[in-house]
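Colleague: have a look; sequence and predicted model below, questions after that.
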Amino acid sequence: MKVFLPLNIRIDDKKILFIGGGNIALHKIQTIERYTRNITIVAPEIHDALRGKGFELVCKEYEETDLDGFFLVYAATNSIEVNRRIKSDAAARGIMVNVVDNRELSDFISPAIFKENEMTIAVSSNGQDVKKAVAWRNQIREMLKEGRMR
Ligand SMILES: C[C@@]1(CC(=O)O)c2cc3[nH]c(cc4nc(cc5[nH]c(cc(n2)[C@H]1CCC(=O)O)[C@@](C)(CC(=O)O)[C@@H]5CCC(=O)O)C(CC(=O)O)=C4CCC(=O)O)c(CCC(=O)O)c3CC(=O)O
Ligand SMILES: NC(=O)C1=CN([C@@H]2O[C@H](COP(=O)(O)OP(=O)(O)OC[C@H]3O[C@@H](n4cnc5c(N)ncnc54)[C@H](O)[C@@H]3O)[C@@H](O)[C@H]2O)C=CC1
């Protein structure tokens, strides 16, 4: 089984690339944009909710050279084959990838996050039980809101 180490990575001075701009990209970007807007999206079709927010939008199919200059990459297309190709192209360049349809291929995974000002709670199940990670995050959030944690 893969093992994932929790880290807080500096990203304000780095570029993040999304390949694929559909529902899953939108959902992940809604979390990431609370930390940075330095996001580029490459996809033939980009969700309307991702437009006009200051992201760099590149309307086309993925090519290997799209990876140049990026620190983190999210392979978020609806094609298993394209996502696998992104992973192997990025690995050859030493770039870390989150493959949204395959935790085994992912160099990093996204935790369930609750952020309030400078404080962040991030819950992960090591990629094994997303629903439990979300449930724990929600319970911790409720405890905070009810004043049971300070
Ligand atoms: C491994 C990981 C990889 C990664 O994406 O990094 C991954 C993978 C997969 N998720 C799947 C399903 C769903 N994921 C969500 C939601 C979230 N998923 C997130 C993280 C992760 N998901 C990483 C592990 C995290 C950990 O370690 O625990 C969250 C926490 C963070 C985020 O995505 O930003 C975010 C909550 C955001 C929030 O609430 O804030 C929902 C909706 C929901 O539950 O709300 C569903 C539908 C559930 C249903 O169907 O009921 C499937 C099956 C796909 C399929 O079968 O089609 C796979 C694929 C697989 O398991 O291989
Ligand atoms: N990690 C997670 O939490 C979850 C992941 N998934 C997986 O996420 C994947 C994506 O799902 P959705 O976003 O709902 O799909 P979607 O259909 O909404 O969006 C797909 C996106 O990929 C783009 N795309 C397709 N081919 C491309 C190419 N060659 N180059 C660049 N972009 C390309 C499309 O233009 C579109 O923007 C699916 O494989 C699904 O299994 C699904 C549920 C949860």
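Modeller: Ah, there it is. Ligands and ions are numbered 1, 2, ... in the order given.

Colleague: mind listing what the residue nearest to the spatial centre of the chain touches?
Modeller: Centroid-nearest residue in the chain: residue 28, 5.1 Å away (criterion: Cα atoms, centre = their mean). By Cβ atoms under 8 Å, 6 or more residues apart in numbering, residue 28 lies in contact with 18, 74, 76, 100, 110. Glycine gets a C-beta too; all of them are placed from N, C-alpha and C.

Colleague: what about these, which one has the most neighbours?
Modeller: In terms of neighbours by other Cβ atoms under 10 Å, those top out with residue 18 at 30 neighbours.

Colleague: near ligand 2, which residues of the chain are found?
Modeller: 19-25, 42-46, 61-62, 76-79, 82, 100-101 (Cβ under 6 Å from any ligand atom).

Colleague: inside helices: which ones of those residues?
Modeller: Among the residues of the chain next to ligand 2, the members falling in helices are 23, 24, 25, 82 (criterion: DSSP state H).

Colleague: just how off-centre is the longest helix along the chain within its chain?
Modeller: Taking DSSP H as the criterion, the chain has its longest helix at helix 130-145. How far helix 130-145 lies from its chain's middle: 19 Å, per Cα atoms, centre = their mean, to the nearest Å.

Colleague: likewise stretch 58-72?
Modeller: For stretch 58-72, the distance to the chain centre is 15 Å (Cα atoms, centre = their mean).

Colleague: next one: stretch 106-113
Modeller: In this view, stretch 106-113 has its centroid 7 Å away from the chain centroid, taken as Cα atoms, centre = their mean.

Colleague: what's the answer for stretch 8-23, then?
Modeller: On the basis of Cα atoms, centre = their mean, the separation between the geometric centre of stretch 8-23 and that of its chain is 7 Å.

Colleague: same check on stretch 98-107?
Modeller: That offset, for stretch 98-107, works out to 10 Å (Cα atoms, centre = their mean).

Colleague: so is that stretch next to ligand 1?
Modeller: Yes. Stretch 98-107 is in contact with ligand 1 by Cβ under 6 Å from any ligand atom, via 98, 100, 101, 102, 103, 106.
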